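Student: Need coordinates for the below:
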Amino acid sequence: PTTYIFQDDHSDDPFVLHLQTHVWEDVTLHNSSLPPLAIKNPECLGLLHQSDGSTERWVQHYCILKDGCLYFYASIRSTQASGGLYLQGYKVNEQTLSFKQSVIELEPPSEEFKTFYFCAENKTENQRWITALKASIKKWVPLHQAIQDFMNRPLEETRM
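Tutor: Predicted coordinates for the structure are as follows:
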């Protein structure tokens, strides 16, 4: 399977960067090796159509959203993911694109990464996915941000 891992790191510490990348890759690779219904407690699941970006062609995937990663399957019966997209740093927007009434735009944290476009079966489903994607991305912060947030807390809150 193809796995895309994108991260928005501001830390210059090579160990922190290695640790973050290693953990994300391990979890993503583990989950992508599972059938879609074997992923426990997904945040959202269902059919999404993905634009190939260059034409008006939309490819249907069965998708699972879990812990800030969107996994793609050919169908609900697939034995493993055909790909995955790590969403940390991405922004979720609703756009109108050509004939589609409502499209989910995943805008990358920097221009070096690709913008992705998805569409569910209808506007209600799009809204369900948009809400889930935003919540999933928001609950995961980079390690350096978590450490900084912890260090900025009052001393009495950091004692164990």
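
Student: gap between the helix or strand where S136 lies and the chain center?
Tutor: Secondary structure assignment for S136, by DSSP states H and E: helix 123-138. Distance of helix 123-138 from its chain centroid, counting by CA atoms, centre = their mean, to the nearest Å, is 11 Å.

Student: who touches that helix?
Tutor: Helix 123-138 has contacts (CB atoms under 8 Å, 6 or more residues apart in numbering) with 43-44, 46, 48, 65-68, 70, 87-90, 92, 94, 101-104, 106, 118-120. Backbone N, C-alpha and C define where each C-beta goes, glycine included.

Student: Narrow the residues you listed to just the buried residues.
Tutor: Neighbour-count burial (16 or more other CB atoms under 10 Å) is assigned, among the contacts of helix 123-138, to 43-44, 46, 48, 65-68, 70, 87-90, 92, 102-104, 106, 118-120.

Student: Out of those, list just those in helices.
Tutor: Judged by DSSP state H, the subset of these located in helices is empty.

Student: how about T79, what does it touch?
Tutor: P35.

Student: That one should be in a helix, yeah?
Tutor: No. Read with DSSP: H, G, I helix; E, B strand; the rest coil, T79 is coil and lies in no helix.

Student: Need the phi and psi values for it.
Tutor: Main-chain torsions, T79, degrees, to the nearest 10: phi -90, psi -20.

Student: can you start the count at 759 instead of 1 from here on
Tutor: Taking 759 as the first residue, the last one we looked at is T837.

Student: what about it, distance to E801?
Tutor: 22 Å (CB to CB, to the nearest Å).

Student: how about low-confidence regions in this structure?
Tutor: Along the chain, the parts satisfying pLDDT under 70 run over 759-783, 811-813, 855-858, 899-904, 914-918.

Student: one more time with 90, if that's ok
Tutor: 759-790, 809-816, 825, 841-844, 846-847, 853-860, 867-869, 871, 881, 896-918 (pLDDT under 90).

Student: about what we covered before: inside strands: which ones of the buried ones among the contacts of helix 881-896?
Tutor: 802, 804, 806, 823-824, 828, 850, 860-862, 864, 876-877 (DSSP state E).
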